[in-house]
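Asker: Okay, structure incoming, though there's no sequence with it:
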């Protein structure tokens, strides 16, 4: 059992909920979907006005959420896993905060994430993309422990070489590899996978899946077709490329 929260930090649309679903299949983790998203949008500490029509809730404050997560460590003999988005920690994370976690980063080419995000949230802000925060978090942790930098997983390599990537991830974080966790039954459409204020439809692909290698059911715009996406792609690609150069490589 892990003594800290195992956290996978992604940007939007990086297959991170699929990763969480895989971890849920294992049975040895309490799993939580973007708990700090509630802090970012719905708490007294919130950093966004997107849900300004909703009264702030103290139970979602960053420290309250962290305390809640840590209270689950060891319950029923299980560890704790979260998947969350890096931008939810903007203005909050520092070395002390991140020391509560075994930190792993999930990355994906912004040419694929940005159009998908745009289809979900066309008015997304620069803060809600998260690439710069992801890179800064990684660099902070690497500088603090240069001999053991955080694990970086590329989402597309995870989909194409699932067993090898997951097996290596498990070795790196010190948990057993469980082959059965890589496949599952399709998820009933009424299953609620997220608390997200905009609803759950962006997880339809996952609900139709039985593993990481899903068939894409929606055609997205190319980043060059929308000026907002083209500008974001140019800005965030360098962060992705720097992280990609340090990704977990499997043979």
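Answerer: Okay, I see it. This structure is a prediction, so every number in the text was calculated from the model and none was measured.

Asker: Could you list the low-pLDDT ranges of the stretch 51-200 of the chain?
Answerer: Where the stretch 51-200 of the chain drops to pLDDT under 70, the residues are 187-200.

Asker: Tell me which stretches of it form strands.
Answerer: 79-85, 101-107, 151-154 (DSSP state E, counting those that start in this stretch).

Asker: Let's have these in CSV, adding distance to residue 16 and mean neighbour count.
Answerer: C-betas here are computed from N, CA, C, even on glycine. Shown next, in CSV, are the strands of the stretch 51-200 of the chain (distance: least, Cβ to Cβ, whole Å; neighbours: other Cβ atoms under 10 Å):
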stretch, distance to residue 16, mean neighbour count
strand 79-85, 5, 24
strand 101-107, 5, 24
strand 151-154, 10, 21
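
Asker: Of the ones you listed, give the one that comes closest to residue 66.
Answerer: Proximity to residue 66 (Cβ to Cβ) singles out strand 101-107 among these, at 9.4 Å.

Asker: centre of the chain versus the closest one, how much separation?
Answerer: Mean-position distance between strand 101-107 and its chain equals 8 Å (Cα atoms, centre = their mean, to the nearest Å).

Asker: which residues touch it?
Answerer: Residues outside strand 101-107 that contact it (Cβ atoms under 8 Å, 6 or more residues apart in numbering): 2, 4-11, 14-16, 19, 83, 86, 134, 137-138, 141, 150-155, 158, 169, 173, 240, 243-244, 247.

Asker: who does it pair up with?
Answerer: Strand 101-107 has the following strand partners under DSSP bridges: strand 5-10 (parallel), strand 151-154 (parallel).

Asker: Throw those into CSV and include distance to residue 78, thanks.
Answerer: Formatted as CSV, the strands paired with strand 101-107 follow (distance: least, Cβ to Cβ, whole Å):
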stretch, distance to residue 78
strand 5-10, 11
strand 151-154, 21
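
Asker: so which helix or strand takes in the nearest residue to residue 110 once chain neighbours are set aside?
Answerer: Leaving aside its sequence neighbours, residue 110 sits nearest to residue 236 (Cβ to Cβ, 6 or more residues apart in numbering; 4.8 Å). Residue 236 belongs to helix 227-244 when assigned by DSSP states H and E.

Asker: That helix packs against which elements?
Answerer: Applying 3 or more Cβ pairs under 8 Å, 6 or more residues apart in numbering; DSSP states H and E, one finds that helix 227-244 contacts strand 101-107, helix 110-120, helix 131-144, strand 151-154.
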